[in-house]
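S.K.: What follows is a predicted structure for the sequence shown.
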Amino acid sequence: MPQATDNQFKGSKPGRRKFRLGSLVLLPLLLLLVFISAAFTTNLIPSGSMEPTLTPGDEIAVERVWAAYPFGSMPARGDVITFHLTPSRQIQDDVNNGVQVSSALSASKGVPQSLHPILLIKRVIGLPGDKVQLIGNTVYINGRPMPQFYQTIPTHQSPLLFPYAVQTPITVPAGRIFVLGDNRDNSDDGRFWGTLARNQIVGRYLFVLTHRRIPGASQSTSDPTQ
């Protein structure tokens with residue numbers, strides 16, 4: 001039987017060292033790729049509810065909630081978030097939390113009654129304990145105008161259409177937030193269904209990746225992101 005020589009054993013050591021070195025380099029890259037794929041996703045904006053910040057056809061990068069707000073932390077005021085919403089459940093949750101609802105609730109045609117969760121994207125306006133009210137296009141937090149670093153489209157609708165935070169202030173309960181669309185004239189947001197639970201947040205908007213053409217999309221299209 002042929003015998004291995006010392007040179008053969010010696011020649012294999014550099015190969016093993018290269019393999020170990022390659023593993024040390026590739027493992028962090030692999031872990032980084034796994035983290036990126038788990039922590040980030042994309043969404044397509046089909047409606048004009050966040051105009052002028054986001055327009056129909058924008059494909060956006062979204063950081064998942066566990067990475068954006070670790071250990072159950074709350075979003076910051078002004079963050080743009082995606083979230084799951086069951087409109088009819090939101091109203092009952094607010095009633096259970098003692099949130100004041102205006103008489104427009106029963107009369108408003110804008111209050112959605114869907115029992116199925118939908119995915120929406122809005123901007124965080126009110127945090128737990130905040131007293132929020134919209135007067136015209138100005139948001140008041142605890143009686144003071146909220147500094148606004150972004151553009152909005154003002155609403156021309158009657159204040160009587162909005163059950164929450166317009167006719168009277170709304171106090172945001174613990175563990176919940178109040179959100180609005182930047183297009184105040186065309187947005188299914190907290191003015192219609194009240195506050196949102198922290199555990200309904202899906203992710204935080206980061207930036208626009210690209211813009212796609214959506215056949216038939218317009219500023220008056222429906223609200224959910226897909």
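M.R.: On my side now, so go ahead.
S.K.: which regions of the protein lie under the pLDDT threshold?
M.R.: Along the chain, the parts satisfying pLDDT under 70 run over 1-25, 27, 35, 87-116, 216-226.
S.K.: now the strands for it?
M.R.: Per DSSP state E, the chain has strands spanning 40-44, 58-64, 80-85, 118-126, 131-135, 138-141, 144-145, 170-171, 176-180, 196-197, 201-211. These are given in chain order.
S.K.: can I get the ones you listed in a markdown table with distance to residue 71 and mean neighbour count?
M.R.: Glycine gets a C-beta too; all of them are placed from N, C-alpha and C. Formatted as a markdown table, the strands of the chain follow (distance: least, C-beta to C-beta, whole Å; neighbours: other C-beta atoms under 10 Å):
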| stretch | distance to residue 71 | mean neighbour count |
| --- | --- | --- |
| strand 40-44 | 19 | 15 |
| strand 58-64 | 14 | 18 |
| strand 80-85 | 17 | 22 |
| strand 118-126 | 18 | 22 |
| strand 131-135 | 25 | 18 |
| strand 138-141 | 25 | 17 |
| strand 144-145 | 30 | 9 |
| strand 170-171 | 25 | 22 |
| strand 176-180 | 17 | 25 |
| strand 196-197 | 17 | 22 |
| strand 201-211 | 14 | 17 |
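S.K.: and of those strands, who's closest to residue 72?
M.R.: Checking the strands of the chain against residue 72 by C-beta to C-beta gives strand 201-211 as the closest, at 10.4 Å.
S.K.: Identify the residues contacting the closest one?
M.R.: Strand 201-211 is touched from outside by 40-42, 54-55, 57-65, 68-69, 75, 79-84, 119, 121, with contacts defined as C-beta atoms under 8 Å, 6 or more residues apart in numbering.
S.K.: quick one, that strand and strand 40-44 angle?
M.R.: Relative orientation of strand 201-211 and strand 40-44, computed by axes from the mean of the first three to the mean of the last three C-alpha atoms, to 10 degrees: 70 degrees.
S.K.: circling back to that earlier point, the strands of the chain into a markdown table, with extra columns for distance to residue 153?
M.R.: Supplementary listing: those in a markdown table, determined by distance: least, C-beta to C-beta, whole Å:
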| stretch | distance to residue 153 |
| --- | --- |
| strand 40-44 | 21 |
| strand 58-64 | 16 |
| strand 80-85 | 15 |
| strand 118-126 | 13 |
| strand 131-135 | 13 |
| strand 138-141 | 14 |
| strand 144-145 | 18 |
| strand 170-171 | 22 |
| strand 176-180 | 11 |
| strand 196-197 | 21 |
| strand 201-211 | 18 |
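S.K.: Show me what residue 61 bridges to in the sheet.
M.R.: Each beta-bridge partner of residue 61 is listed here: residue 42, residue 207, as defined by DSSP bridges.
S.K.: Verify the contact between it and residue 42 for me.
M.R.: Yes - with contact taken as C-beta atoms under 8 Å, residue 61 and residue 42 are classed as touching, separated by 6.0 Å.
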